[in-house]
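1. sequence-free structure coming up:
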């Protein structure tokens with residue numbers, strides 16, 4: 001019998017679900033995954049009936065109820081400490097950039113919503129969104145320059161909570177192709193090739209066609 005459940009939304013669109021699911025899988029929590037079809041307007045009744053804040057992801061594990069993705073990431077790191085870097089200076093940066101992702105980049109989110117079935121180069125390249133792209137890539141460069149020498153991810157060989165927080169941004173960049181330098185493109189390729197990210201993409205592209213939302217499919 002599983003130790004609990006993780007409720008997520010459509011894999012194709014739900015960037016927060018991807019972040020929470022990655023943390024849960026990386027921590028190897030034994031939970032069932034329940035997918036709720038989202039309505040696209042932030043008012044999905046089935047989610048509001050389950051989750052305390054009416055949003056996904058929502059984790060129940062061994063009687064503990066956890067909502068908000070950053071809280072799920074921290075909870076999972078209590079189970080699997082390697083989800084944050086071991087060294088204190090690296091761990092401080094990882095937490096900071098994860099929190100910045102959780103709280104910011106509104107222009108990027110709005111102009112380039114996650115859609116794992118989309119390939120729309122040039123769409124969403126507003127001045128504000130591209131400013132967000134610049135900040136994201138600056139974060140990546142700083143983390144990798146300081147701590148990434150041992151592997152392809154932000155803090156080296158291990159795929160951490162910080163990488164999980166930026167994985168949906170990678171998906172956006174792959175869909176909408178904003179200008180990126182070679183190092184940022186290489187990081188995107190590494191994240192996309194991670195087995196868990198690849199698994200999420202495969203499941204997303206198997207979702208029923210009736211789950212498609214015109215709100216996202218019609219962009220561009």
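-> In hand now; what should we look at? This structure is a prediction, so every number in the text was calculated from the model and none was measured. Numbering: from 1, shown residues only.
2. hey, let's count contacts and neighbours off CA atoms from now on
-> Will do.
3. Let me see the backbone angles for residue 89.
-> phi -70, psi -40 (degrees, to the nearest 10).
4. Now for this structure, the helix or strand with the poorest mean pLDDT.
-> helix 45-48 (a mean of 83; mean pLDDT, DSSP states H and E).
5. Start from the N-terminal end of the protein and give the strands.
-> For the chain, applying DSSP state E gives strands covering 4-9, 32-36, 58-61, 64-67.
6. Please identify which of those is closest to residue 111.
-> Minimum separation from residue 111 across those (C-alpha to C-alpha) falls at strand 4-9, 20.2 Å.
7. the inter-axis angle of the closest one versus strand 32-36?
-> If you take axes from the mean of the first three to the mean of the last three C-alpha atoms, to 10 degrees, strand 4-9 sits at 30 degrees to strand 32-36.
8. Just list what strand 4-9 packs against, helices and strands only.
-> Counting contacts by 3 or more C-alpha pairs under 8 Å, 6 or more residues apart in numbering; DSSP states H and E, strand 4-9 packs against helix 15-26, strand 32-36, strand 58-61.
9. Pull out the buried residues from the longest one.
-> By neighbour count on 16 or more other C-alpha atoms under 10 Å, the buried set for helix 15-26 is 15, 16, 17, 18, 19, 20, 21, 22, 23, 24, 26.
10. Could you point out which of those residues is nearest to residue 217?
-> Nearest to residue 217 among the buried residues of helix 15-26: residue 15, at 15.3 Å, using C-alpha to C-alpha.
11. now that we're looking at the residue lying closest to the closest one once chain neighbours are set aside, how far away is residue 149 from it?
-> In this structure, residue 15 finds its nearest non-sequential neighbour in residue 168, 5.4 Å apart by C-alpha to C-alpha, 6 or more residues apart in numbering. Applying C-alpha to C-alpha, to the nearest Å, the value for residue 168 to residue 149 is 23 Å.
12. out of these two, which sits in the busier spot?
-> residue 168 (26 against 14; other C-alpha atoms under 10 Å).
13. so that one sits right up against residue 21, yeah?
-> No - judged on C-alpha atoms under 8 Å, residue 168 makes no contact with residue 21 at a distance of 11.7 Å.
14. Tell me who's in contact with residue 30.
-> Contacts here follow C-alpha atoms under 8 Å, 6 or more residues apart in numbering; on that basis residue 30 touches 2, 3, 4.
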